[in-house]
Structures are given as structure tokens and as C-alpha cells.
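[1] I'd like to go over a predicted model; first the sequence, then the structure.
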Amino acid sequence: MRIDGTYTFPAPIDQVYAALTHPDTLSQIIPGCERLVQLGPAVGGRPPVYEIRVRRGPGPEVYTLTLILSTLQPPTHLRADLEGHGPDGPISGYGLVDLVQQDSQTLAATVWEMKSPVLAGSSAERRSRWNESAEEFARALRDRVDSTLHSGTSAPGNGRSLTTPRGRVVVLPRGGATLSLEMKGRLKRAAWMAGGVLAGLATIALIAGVVQRLARRRGGSATLSK
């Protein structure tokens, strides 16, 4: 199944591209998204990989998907590869998005190719319902992007964060966990102090043990003398 179309977003191209690629906004613009988790950091030129749980409607229709975002030519072109499982069985596909700056707005041209082996031998009516549902999902995705841009929501620049109904996961940028020299010095001094306290307690315990042994020996000698 192929879904294509064009739409003009009321925002500069950089903001539209960020809304389509940042995990914090991805979890907001994907209709029915219950969970979005990044599977490891995107390092070494590898594209980010996400695991997504999507619920379609109030019923039990749940899709578990793996999404790979290949940002080929930021901020003008990207590719999204999907693979997963839904109520109708396994599904897979990909989407291409091209962005063009037009004054203060951005023109987006999208092409989605989706397929499900289970639907290949199904009735024409069932395939038609599946196509309508996919087109509805694409429209809802577009409307959510538009709403996010209208609200002025922007992706944070320091670190990558995931917001889901179950909590928020923040992935720090590479090198972001490096401690300053001052903090390293404080931690070393704290470690030395803690080590000194432990050594002192151990010495006191050792002396107390020796004193108790001597007291027992003296008590035993006094008993024998009587």
C-alpha cells in the first residue's frame, strides 16, 4: 500500500525536521503512542533505533514496532523504516520525507510504502478497511506535527529525552557525563574521609576485642586462684 501527499507546515524547516526526528516530540506526534524507547545511543554514524507501542482506538488493537530513522540529508530529507507486529499479523514498510523551506513555512512531501503478508490473501473489504486505517493514521500524524509546531514546543538541545506515560528517560550526549576537575577533587576528598572513618572504626573494634580477651583471661585466673 502506498500513501503519498504534500503539506505545508507553519514553521521553519529546522523546527519541522526537529519535530520529526527528536524522541521527545516523536512520542507526542505518533497517534496512540503508549511507549517510545530508544534502543541504545546513535553512535558511529548509525541511525537511532526506537521501540514503539501504539494503540489504535479504545479497543485491544496494539502494534509493537521497531522504528529506524535514517537522517540522510538533514534538514531536508529523512527515511523511516518500520517493522513490527499488529492485530493483523506482521507489518513492515518505510517512509520518505522531503522538506523545502518556503519563506517562514516548510513544504513537506511524503511517501509511505506499507505491507502486511497477512492481508495479501484477505478479502477486498478487509484490505480496504486496513488502507483506510493507515491513511487515517497518516493524517493524524500530520495534524499532530502541525499542532506541536503551533504550540511552539521545541526539542531540548542538551541531551536526548523520552517522555512516555510510564516515565521519562534522558539519554545524555556523548561526553555529557564528564565530571569537572573541582567535582573530581571533592569526590576524592570525600572518599579519603570515608576511608579514614572506616579505618578508625576498624581500629577501635580491634582494640575493644583485645581488651575483652584480656578481661576474660583475668577473670579466669581469679577464679582459679580461689
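    It's in. As the structure is a prediction and not an experimental result, all values here were calculated from the model.
[2] Endpoints of stretch 47-59, how far apart?
    Using Cα to Cα, to the nearest Å, the end-to-end distance of stretch 47-59 comes to 33 Å.
[3] Enumerate the positions of that stretch that are buried.
    Residues 47-48, 50, 52-54, 56 are the ones in stretch 47-59 that count as buried (16 or more other Cβ atoms under 10 Å). (C-beta placed from N, C-alpha, C; glycine too.)
[4] mean confidence score for it?
    Regarding stretch 47-59, the rounded mean pLDDT is 87.
[5] Tell me where the model's unsure across the chain.
    153-226 (pLDDT under 70).
[6] still on that earlier bit, could you pick out which of the buried residues of stretch 47-59 are located in strands?
    50, 52-54 (DSSP state E).
[7] From these, pick the one nearest L20.
    Distances from L20 to those, taken as Cβ to Cβ, are shortest for Y50 (12.7 Å).
[8] Contacts only, for the closest one.
    Counting by Cβ atoms under 8 Å, 6 or more residues apart in numbering, Y50 touches 23, 26, 36-39, 66-69.
[9] Looking at the residues you listed, which are in helices?
    By the criterion of DSSP state H, membership of those in helices covers 23, 26.
[10] Closest one to V118 out of the contacts of Y50, please.
    T66 (17.9 Å).
[11] What about the closest one, how many residues nearby?
    15 (other Cβ atoms under 10 Å).
[12] Verify the stated contact: it with H85.
    No - at 9.9 Å, T66 does not count as touching H85 under the criterion of Cβ atoms under 8 Å.
[13] which neighbours do the two share?
    By Cβ under 8 Å, 6+ apart, no residue touches both T66 and H85.
[14] same for the host helix or strand of V16, what does it pack against?
    Assigned by DSSP states H and E, V16 belongs to helix 13-21. Counting contacts by 3 or more Cβ pairs under 8 Å, 6 or more residues apart in numbering; DSSP states H and E, helix 13-21 is packed against helix 23-29, strand 77-86, strand 89-102, strand 105-115, helix 124-151.
[15] Out of those, which is closest to V16?
    The nearest among the helices and strands packed on helix 13-21, by Cβ to Cβ, is strand 105-115 at 4.5 Å.
[16] Contacts for stretch 63-83, please.
    Contacts for stretch 63-83 (Cβ under 8 Å, 6+ apart): 13-14, 16-18, 20-21, 39, 47-56, 84-87, 90-100, 114.
[17] and that stretch, which residues are buried?
    Under 16+ other Cβ under 10 Å, the buried positions of stretch 63-83 are 63, 65, 67-69, 71, 75, 78-80, 82.
[18] Equivalent analysis for stretch 113-126, please.
    Neighbour count says stretch 113-126 has 114, 116, 119 buried, by 16+ other Cβ under 10 Å.
[19] Kindly report the same for stretch 125-132.
    W130.
[20] now A11: how far from L149?
    A11 sits 4 Å away from L149 when distances are taken as Cβ to Cβ, to the nearest Å.
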